[in-house]
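1. Sequence and computational prediction follow.
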Amino acid sequence: MPELPEVETVRRGIAPHLEGARIVRLVARRADLRTRLPRGLARRVAGRRVAAVGRRAKYLLIELEPATTGGERETMIIHLGMSGRLIVAKDDGTPPGPHEHVAFATDRGAEIRFSDPRRFGVLDLLPTVALARDKRFAALGPEPLSDEFDAAFLERVLAGSRTTLKAALLDQHRIAGIGNIYACEALFQAGLSPRRPAGSVRGARAARLVAAIKDVLARAIAAGGSSARDYVQASGEAGWFQHAWAVYDREGKPCPGCDCGRSVKRIVQAGRSTFYCAHRQR
Ligand SMILES: [Zn+2]
């Protein structure tokens, strides 16, 4: 499933084609993905200029200027779900692929194609002012790459928690955008056990974990994200950070980060695989 670095990579790929451009046409080839597409979507976005392409957690936010003078800005919200792809193509009449459910073209000759074989993706359209109180966004924790996310914040948000550290990192209400892959990688880099009670992470440990999270996410974005299954960049190319995984999906392989001579272990926590080195991570 795409996590923060993959969604940020897609954002960076589509933004130059969309920001300042006008949407000339949107085609929706079915009425729903995971949820129903907004009624009248094609009519509502046609002719609108794109003000900005942002991201919050794992959501892409395509902000549209008002349709009419005195109208309001609206934001198209896209979540890639499990298997979603957002590709920039030339608007040259190429027929849609079998799972290409929505496409929209700009006055600059680009077509953004949203394909999603498993249909866990979401596309919604909301007044921009309503985003902050929307249930998908209202309770989200801060962005891990923001200045707000520092050791003092992490210590505060984990204080008193007896849940495992791994589960706490996946809790989007505490920190937004981190999923299974990057939680495993950050914990390995910080040398902290995924099984440790979250509330025990204080002081130097909190500082180490914050630095590791930011570093892992930044390196993954620089690598175009991780392509394990369906995910590709907006150019259609795979990301390559999966080749830089230290522990994720590497059960039984030699531990790469210490001289422990042991192999990467896999355990299951809350139904998800956790990969770690029991020697390095305490
Ligand atoms: Zn090790």
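-> That came through, no problem. Residues are numbered from 1 along each chain as shown.

2. pretty sure R34 contacts D124?
-> No - the criterion here is Cβ atoms under 8 Å, and R34 misses it with D124 at 10.4 Å. Where you see a C-beta, it was placed from the backbone N, CA and C, and this is true even at glycine.

3. The two: who's more crowded?
-> D124 (18 against 15; other Cβ atoms under 10 Å).

4. The lengthiest helix in the chain - contacts with which helices or strands?
-> In terms of residue count, the longest helix belonging to the chain (DSSP state H) is helix 203-222. Applying 3 or more Cβ pairs under 8 Å, 6 or more residues apart in numbering; DSSP states H and E, one finds that helix 203-222 contacts helix 4-18, helix 151-158, helix 180-190.

5. And those: which comes nearest the ion?
-> With Cβ to the ion as the measure, helix 180-190 is the member of the helices and strands packed on helix 203-222 nearest the ion (8.5 Å).

6. Let me know whether the closest one sits next to the ion.
-> No - Helix 180-190 lies apart from the ion when judged by Cβ under 5 Å from the ion; the minimum separation is 8.5 Å.

7. Restrict that helix to CA atoms and write it as CSV.
-> Taking Å, rounded to 0.1, in the frame of the first residue of the first chain, the C-alpha atoms of helix 180-190 are listed here in CSV:
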residue,chain,number,x,y,z
ASN,A,180,4.2,-0.7,7.8
ILE,A,181,7.3,-0.5,5.6
TYR,A,182,8.6,2.8,6.9
ALA,A,183,7.8,2.0,10.6
CYS,A,184,9.9,-1.1,10.3
GLU,A,185,12.8,0.7,8.6
ALA,A,186,12.8,3.7,11.0
LEU,A,187,12.7,1.5,14.1
PHE,A,188,15.7,-0.5,12.7
GLN,A,189,17.6,2.7,12.0
ALA,A,190,16.9,4.1,15.4
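
8. can you tell me the average pLDDT over that helix?
-> The average pLDDT within helix 180-190 is 98.

9. and it, what does it pack onto?
-> helix 165-170, helix 203-222, strand 272-276.

10. who are the neighbours of the last one, in terms of helices and strands?
-> What that stands for is strand 272-276. Helices and strands in packing contact with strand 272-276 are listed as helix 180-190, strand 265-269; criterion 3+ Cβ pairs under 8 Å, 6+ apart.

11. What average pLDDT does stretch 152-163 get?
-> Average pLDDT, stretch 152-163: 97.

12. now do the same end-to-end measure for that stretch.
-> From its first residue to its last, stretch 152-163 covers 19 Å (Cα to Cα, to the nearest Å).

13. right, and L123 touches F104 too?
-> No - shown here, L123 and F104 do not form a contact pair, counting by Cβ under 8 Å, at 10.1 Å.

14. so who does the closest residue to E237 other than its chain neighbours touch?
-> Of all residues not flanking E237 in the chain, G224 sits nearest, at 6.9 Å (Cβ to Cβ, 6 or more residues apart in numbering). Contact analysis of G224 by Cβ atoms under 8 Å, 6 or more residues apart in numbering lists 9, 233, 237-241.

15. Fine by me, we can end here.
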